[in-house]
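**Student:** What shape does this take:
(2 chains)
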Amino acid sequence: MAAMAAMAARGCGGVWRRARQRGAGRPAPGPEPGPFPRGQRAVACNAKGGAVPAGKSGLAPWIPVVGLEIHAQISSNSKLFSGSQVQFAAPPNSLVSFFDASLPGTLPVLNRRCVEAAVMTGLALNCSINKKSLFDRKHYFYADLPAGYQITQQRVPIAVNGSLSYSLCIDNKMSQMVTKTVRIKQIQLEQDSGKSLHDDTRSQTLVDLNRAGVGLMEVVMEPDMCCGEEAAAAVRELQLILQTLGSSQAVMAEGQLRVDANVSVHHPGEPYGVRTEVKNINSIRFLAKAVDYEIQRQIEELENGGTILNETRAFDSKLGCTVPMRDKEGKQDYRFMPEPNLPPLILYDAKSLPANMNHQQVINIDWIHERLPDLPSVKREKLVEQYGILPEHSFTLLNEDGLAEFFESVVKQTQMKPKKVIGWILNDLLSYLKQHSLTVKESPVSSSLLADLLNLLEKKEISSTAAKRVMAIKTGNRKVLNKLIGLVQRKTQGRSNPVLVKQLLEKKLSE
Amino acid sequence: QKVSVEVLDHLEHLALVDFRDAEGVERLQKAIQFADQLHEVNTDGVEPMDSVLEDRWCLYLREDDVTEGNCTKELLENAREKVEEYFVAPPGNIPLPKLEERETFLQGS
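**Tutor:** Residues are numbered from 1 along each chain as shown, chains lettered A, B, ... in the order given. Below is the predicted model of the structure:
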């Protein structure tokens, strides 16, 4: 188990290798093949698309298939079907209405903002928006689902048939990026469940319904991905899109973005293998690990003559492996039925807009489309075009919250060419921030300070070493201040007043 | 066509209903027969109806304002057991025992 956990996929373009050979009982494949020692199988997840046969060992290669189901919490003030507040971390059961608690006599009332969020997201993902979509009940028993069913959109969801483009670096080189696309099967509106806290010592579950009824957008991605890196890149791009739209804050750590992975493997030319569902993935990094582990686990199992069960597994982040999930009783029968308390959701566009309806009751898809902000891919293109930076630079700028704005602010305030500025932003500022675990917003080096430094650099009044040192100090290294004083002394050939220099530097640094 | 024991057992698991005796099963049987009459109508090319109110029943859209909640005390009054404002539930689902393992008239059928 540990060996498998320690093993990492080499990323797209890389090759799948099995863990060290274990034990006897393995059928001998024949003479030692090339680079792959006996018993080792190679699978390639090639960035150019599809699996690359790597059967140098004479054994059939595997094609991993990965699909994702992503639940994004809608960023709204109140819940999907009730007026209770949506907020992370509040006293238990304080954000719960009678409807959320499923008390008899209560009815769902749809929140307009949640519909708009789903439409925005559907448009951003190139989906067809269904002008008529329906609500259904999905039945199952669990303590955090008081009604015994979840209201969802199983028959006709609000958006279908979209796509998401994302980029990957080949061979871990940022300079070689490749664009891939994953199809979006659908987006549906549904209710979130409450939270169960398991108290194993007292053999009980504590239930908090604050989250019960919060609006979710379930985004279903087709199984177009082939490894953990692709899955992670796709989810990261979706996260950026959602945050740009404002339809979800998509913070995984706060449960606003939850990802379940469906994984299977098969030989080329053969039908898809049995898939497992992997849950309990709490970060994008763990998503890649969980997917890669599961692919490898399935390959090993099948090569050892075993079979894959159509089961749900949980990712254990400490051990880096997936384990069967308890409490999942075989194949569930959800007894889907139309939600009798909600008529169809009708959306309009400029053409079909009804003449005499209250504006507040009408959602116009075209109106929303016109007001969509620039998506990350468009923002990147604009940055590249406007500033002449490289595409991979634009990726890093957008990947760090606030960094693109910081860069643009510095460019405005300095004579240094943007192509040079970007180096200072990405190589120096960003690495200093990372070293001290600071976000861009927490940066002690303001954009004006950096701009000033770069201006001095351009005018050759300071050296680049000096500029770097100033940044290092600001982000936390006092020792360097004295070195800097020494440098100024040398530059001015001892003619500067050290006390004054120190004062000036300290003043500048505290800006 | 009679409803099989497997389906009856499946329904008891899913919905936690208790058909209890032959009369209960017969009632289900009659309900299915009643609904099956719908099949006598040819609905080829006809869209399923959502509601008899059709176009007159418009889905009401609510503004995104906080208007409810903050009634923890009232809600917890309904709880048989509570721990510091949490509802208390068993550690996991307690599924209905399998057909062979529970006392049910369905066994004899």
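
**Student:** Show the pLDDT at the residue in the stretch 401-511 of chain A that chain B sits nearest to.
**Tutor:** Closest contact between the stretch 401-511 of chain A and chain B, by CB to the nearest CB, is at A:D401 (25.0 Å). Quick note: C-beta positions are derived from backbone N, CA and C, even for glycine. Looking at A:D401, its pLDDT reads 91.

**Student:** and it, which of the three is it?
**Tutor:** coil (DSSP: H, G, I helix; E, B strand; the rest coil).

**Student:** what does the one 10 residues further on give?
**Tutor:** Using three-state DSSP, the three-state assignment for A:V411 comes out as helix.

**Student:** correct me, but it touches A:Y387?
**Tutor:** Yes. With contact defined as CB atoms under 8 Å, A:V411 counts as touching A:Y387 (6.7 Å).

**Student:** pretty sure A:A233 contacts A:L168?
**Tutor:** Yes. Here A:A233 reaches A:L168: they are 5.2 Å apart, a contact under CB under 8 Å.

**Student:** Return every residue with contacts to both of those two.
**Tutor:** The contact sets of A:A233 and A:L168 overlap at A:K180 (CB atoms under 8 Å, 6 or more residues apart in numbering or on different chains).

**Student:** hmm, back to that, mind listing the shared neighbours of A:V411 and A:Y387?
**Tutor:** A:P418.

**Student:** So which residues of chain B form strands?
**Tutor:** Counting by DSSP state E, chain B has strands at residues B:61-62, B:82-83, B:86-89.

**Student:** okay if I get those as JSON lines plus distance to A:M416 and mean pLDDT?
**Tutor:** Converted to JSON lines, these look like this (distance: least, CB to CB, whole Å; pLDDT from 0 to 100):
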{"stretch": "strand B:61-62", "distance to A:M416": "52", "mean pLDDT": "98"}
{"stretch": "strand B:82-83", "distance to A:M416": "61", "mean pLDDT": "94"}
{"stretch": "strand B:86-89", "distance to A:M416": "58", "mean pLDDT": "96"}
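
**Student:** Put together JSON lines for the ones you listed, with distance to chain A and mean neighbour count on each row.
**Tutor:** As requested, the strands of chain B are exported to JSON lines (distance: least, CB to the nearest CB, whole Å; neighbours: other CB atoms under 10 Å in any protein chain shown):
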{"stretch": "strand B:61-62", "distance to chain A": "4", "mean neighbour count": "20"}
{"stretch": "strand B:82-83", "distance to chain A": "6", "mean neighbour count": "16"}
{"stretch": "strand B:86-89", "distance to chain A": "4", "mean neighbour count": "20"}
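
**Student:** Compare those and give me the one nearest A:Q85.
**Tutor:** strand B:61-62 (13.8 Å; CB to CB).

**Student:** what residues does chain B put near chain A?
**Tutor:** Proximity of chain B to chain A, by CB under 8 Å from any CB of the partner chain, involves residues B:10, B:14-16, B:50-51, B:53, B:57-72, B:75-76, B:78, B:83-93, B:95.

**Student:** Helices - which of the residues you listed land there?
**Tutor:** B:10, B:14-15, B:72, B:75-76 (DSSP state H).

**Student:** Just give the closest residue to A:I308, not the sequence neighbours.
**Tutor:** A:V274 (4.3 Å; CB to CB, 6 or more residues apart in numbering or on different chains).

**Student:** ok so, going back, any chance of the strands of chain B in JSON lines, plus distance to A:R495?
**Tutor:** Listed next are the strands of chain B as JSON lines, based on distance: least, CB to CB, whole Å:
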{"stretch": "strand B:61-62", "distance to A:R495": "74"}
{"stretch": "strand B:82-83", "distance to A:R495": "75"}
{"stretch": "strand B:86-89", "distance to A:R495": "72"}
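
**Student:** Mind pulling up the pLDDT for the residue positioned nearest the centre of chain B?
**Tutor:** Nearest to the geometric centre of chain B sits B:A15, at 5.2 Å (CA atoms, centre = their mean). In this model, B:A15 is scored at 90, pLDDT.

**Student:** quick one: it from A:L240, how far?
**Tutor:** 43 Å (CB to CB, to the nearest Å).

**Student:** Could you do A:G83 as well?
**Tutor:** A:G83 is 31 Å from A:L240, by CB to CB.

**Student:** any low-confidence regions in chain A?
**Tutor:** A:1-58, A:172-174, A:326-331, A:476-482, A:509-511 (pLDDT under 70).

**Student:** Identify the residues contacting stretch A:250-258?
**Tutor:** A:70-73, A:75, A:88, A:211, A:235, A:238-239, A:242-243, A:248-249, A:259, A:281-284.

**Student:** Please narrow those residues to those residing in helices.
**Tutor:** Counting by DSSP H, the contacts of stretch A:250-258 contribute A:235, A:238-239, A:242-243, A:284 to helices.

**Student:** Pretty sure B:E68 sits against A:S84.
**Tutor:** Yes. Look at B:E68 against A:S84 with CB under 8 Å: they come within range, at 4.7 Å.

**Student:** For residue 69, give me its contacts.
**Tutor:** Reading this off chain A. Applying CB under 8 Å, 6+ apart, the residues near A:E69 are A:218-221, A:259-260, A:262.

**Student:** my bad, chain B
**Tutor:** B:G69 neighbours (CB under 8 Å, 6+ apart): A:83-85, A:94-97.

**Student:** Buried ones in stretch A:488-507, by neighbour count?
**Tutor:** A:488, A:501, A:505 (16 or more other CB atoms under 10 Å in any protein chain shown).

**Student:** what about that stretch, how long is it end to end?
**Tutor:** 15 Å (CA to CA, to the nearest Å).

**Student:** can you confirm A:V115 is in a strand?
**Tutor:** No. Using three-state DSSP, the assignment for A:V115 is helix, not a strand.

**Student:** Give me the nearest residue to the residue most central in space within chain A, chain neighbours excluded.
**Tutor:** With distances taken as CA atoms, centre = their mean, the residue of chain A nearest its centroid is A:R236 (3.1 Å). In space, and not counting its chain neighbours, A:R236 is closest to A:I284: 5.6 Å by CB to CB, 6+ apart.

**Student:** how many neighbours does that neighbour have?
**Tutor:** 19 (other CB atoms under 10 Å in any protein chain shown).

**Student:** Identify the residues contacting it.
**Tutor:** Applying CB under 8 Å, 6+ apart, the residues contacting A:I284 are A:232, A:235-236, A:239, A:252.

**Student:** top of these by neighbour count?
**Tutor:** A:V235 (28 neighbours).

**Student:** I'd like to know how far that residue sits from A:A117.
**Tutor:** For A:V235, the distance to A:A117 - CB to CB - is 18 Å.

**Student:** Could you do A:W424 as well?
**Tutor:** In this view, A:W424 and A:A117 are 38 Å apart by CB to CB.
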